[in-house]
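A.B. asks: sequence first, predicted coordinates after that:
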Amino acid sequence: MGRRPCCDKLGVKKGPWSAEEDKKLINFILANGHCCWRAVPTLAGLLRCGKSCRLRWTNYLRPDLKRGLLSEAEERLVIDLHARLGNRWSKIAASLPGRTDNEIKNLWNTHIKKKLVKMGIDPVTHQPLKQQPSPVPSQSIVTAESRSDDQTHSHEHEGQVPSSDNTSPAEASSDSGSTDALLSSLLEDSTSVPQLDDIWQLTTSEDNYGSTGAGADQMPWDDNEGIYEWLLDYQEFIVADVESENLEGERSTNGTSSR
DNA sequence: AACGCGACCAACCGCCACATT
DNA sequence: AAATGTGGCGGTTGGTCGCGT
């Protein structure tokens, strides 16, 4: 009530981000971090609202994003967590390093949901559908069985399908042994992905800037082109890496095509 | 070759929770 | 305690692409 919008509609650009805008945002955040998203567009010289900048950064530009299809383990974890948390994508995403809530939400809505329906599982309640569905793909069976096998069934008390009420039971992690195991294996898997976090910490730490005596307008690198291109290269590398991992995984598990 | 359709995904919108004044 | 500001979340939309007919 009486609350003004996050940004003026006037003079604010909307729609897809251009490479130039990405570059500006990346450069600004690498140099300054994001103390206040509302101020970011002004300071970075972008005609965007702060919210848009934040979304662009967290969902797309952040260097620690994995991107690409979910691995089978990740997918299983998503299904499992969704059974307990419902559509709390941010909480689910928190358990999947390098994945964003938006990405998981998209993946859920596009194929995981359909996959569950094919398997005869209601994607909302995670209960078997009343009417028996058509034939089930073999890989899907594996997923379903493994889910019901290593899952404690604790979430199958009906109330668990979350309305916006209770505070996430999984965070208490009292009943999440299987999920923890999954997560652990996931984290182990993720070691194959280059750990950018360390680099990231270095590149964003005030110490590094401060020690060089460089001001906010002076990057620690010779030019910003370098880090920008490096970021893009990195993202492409991750995509390729994840895709090849998925391909191998599919081959080794005699997997069906995911699409 | 052209068209239609569905899948995918980036981005927007509105609301909410929390912090600050 | 109320008002206000900000960040974050989840739902939804719209554009693009690929595939089938």
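C.D. replies: Happy to help now that I have it.

A.B. asks: against DNA strand B, how distant is whichever residue of the stretch 101-250 of chain A sits closest to DNA strand C?
C.D. replies: With Cβ to the nearest atom of the strand, the shortest gap between the stretch 101-250 of chain A and DNA strand C falls at residue A:101, namely 4.7 Å. All C-beta spots, glycine's among them, are computed from the backbone N, C-alpha and C. Applying Cβ to the nearest atom of the strand, to the nearest Å, the value for residue A:101 to DNA strand B is 9 Å.

A.B. asks: how many other residues sit next to that residue?
C.D. replies: Using other Cβ atoms under 10 Å, residue A:101 is surrounded by 18 other residues.

A.B. asks: alongside DNA strand B, which residues does the stretch 101-250 of chain A contribute?
C.D. replies: Along the stretch 101-250 of chain A, the residues adjacent to DNA strand B under the rule Cβ under 7 Å from any atom of the strand are A:102, A:103, A:105, A:106, A:107, A:109, A:110, A:111, A:114, A:164.

A.B. asks: do you know how far the fourth one is from residue A:33?
C.D. replies: So that's residue A:106. 27 Å (Cβ to Cβ, to the nearest Å).

A.B. asks: coming back round to it: next, the residue of the stretch 101-250 of chain A closest to DNA strand C: phi, psi?
C.D. replies: Phi and psi for residue A:101, reported as degrees, to the nearest 10, are phi -60, psi -40.

A.B. asks: OK, contacts around it?
C.D. replies: Neighbour list for residue A:101: A:89, A:90, A:92, A:93 [criterion: Cβ atoms under 8 Å, 6 or more residues apart in numbering].

A.B. asks: rerun that using 7 Å as the cut-off
C.D. replies: By Cβ atoms under 7 Å, 6 or more residues apart in numbering, the residues touching residue A:101 are A:89, A:90, A:93.

A.B. asks: in space, what's closest to it - neighbours in sequence excluded?
C.D. replies: residue A:89 (3.7 Å; Cβ to Cβ, 6 or more residues apart in numbering).

A.B. asks: pretty sure that neighbour sits against residue A:104.
C.D. replies: Yes: the criterion here is Cβ atoms under 7 Å, and residue A:89 meets it with residue A:104 at 5.4 Å.

A.B. asks: average pLDDT across stretch A:101-119?
C.D. replies: In this model, stretch A:101-119 has a mean pLDDT of 85.

A.B. asks: before we move on, back to that, just the buried members of the contacts of residue A:101?
C.D. replies: A:89, A:93 (16 or more other Cβ atoms under 10 Å).

A.B. asks: among the contacts of residue A:101, which ones are in helices?
C.D. replies: By the criterion of DSSP state H, membership of these in helices covers A:89, A:90, A:93.

A.B. asks: one step back: which among the residues of the stretch 101-250 of chain A next to DNA strand B end up buried?
C.D. replies: By 16+ other Cβ under 10 Å, those give A:103, A:107, A:111 as buried.

A.B. asks: nearest to residue A:127, of those residues?
C.D. replies: residue A:111 (20.1 Å; Cβ to Cβ).

A.B. asks: having no further points to raise, I will conclude here.
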